[in-house]
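**Student:** What follows is a predicted protein model with its sequence.
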Amino acid sequence: MPEVTLVPIRTPADANLILGHAHFIKTAEDLYEAIVNSVPGAKFGIAFSEASGPRLIRREGNDEALTRAAERELMNLGCGHAFLIFLAGAYPINLLRDIRACVEVCAIHCATANPVKVAVLREGEAGAILGVMDGLGPVAIEGPEEARARRDFVRKIGYKLA
């Protein structure tokens with residue numbers, strides 16, 4: 001009987017994650033190239049889980065600790081054709097366009113530094129990502145002061161013209 005479980009992703013300190021779905025053996029290498037071409041100084045680890053054949057976790061990265069963490073968390077997730085990237089020294093916004101452009105990438109489930117839990121449907125040896133819990137729910141609606149602070153912040157960090 002299929003069952004749904006919530007699987008937490010343990011993100012390394014000071015890292016962001018990108019969780020997605022892809023479909024071919026060269027995914028890990030193509031994601032590597034997308035990241036280094038987007039943000040050459042970024043540190044990252046990539047894990048991609050095969051869904052058939054030897055069903056291995058394929059790995060690439062330029063930071064061994066982030067790569068090992070991505071392997072561990074993707075193995076724990078247990079879903080075929082999923083990929084997980086842990087990223088330091090850059091933000092997902094800096095490279096998501098290039099990751100989406102990888103011909104193997106079918107979907108991006110989340111890109112965040114927030115705590116993440118993944119809803120996984122399991123049946124036998126198969127697992128499917130149903131959805132993602134990214135952070136916590138809202139507690140209020142933004143007012144004029146919060147809107148001003150948001151606009152000031154994105155300018156301060158260089159994402160909008162001053």
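**Tutor:** Okay, I see it. Residues are numbered from 1 along each chain as shown.
**Student:** Quick check, central residue of the chain?
**Tutor:** Nearest to the mean C-alpha position of the chain, by CA atoms, centre = their mean, lies residue 18 at 1.2 Å.
**Student:** how far is stretch 62-75 from where the chain is centred?
**Tutor:** For stretch 62-75, the separation from the chain centroid amounts to 12 Å (computed by CA atoms, centre = their mean, to the nearest Å).
**Student:** how much space is there between the residue located most distally from the centre of the chain and residue 157?
**Tutor:** Distance from the centre of the chain peaks at residue 144, with 32.2 Å (CA atoms, centre = their mean). Taking CB to CB, to the nearest Å as the measure, residue 144 falls 21 Å from residue 157. C-beta: built from backbone N, CA, C; applies to glycine.
**Student:** same question, residue 72
**Tutor:** The gap separating residue 72 from residue 157 is 31 Å, by CB to CB.
**Student:** What of residue 140?
**Tutor:** Counting by CB to CB - residue 140 and residue 157 are separated by 23 Å.
**Student:** between those two, who's got more neighbours?
**Tutor:** A count of neighbours by other CB atoms under 10 Å puts residue 157 above the other of residue 140 and residue 157, at 9 against 6.
**Student:** Let me know the pLDDT of that one.
**Tutor:** Looking at residue 157, its pLDDT is 88.
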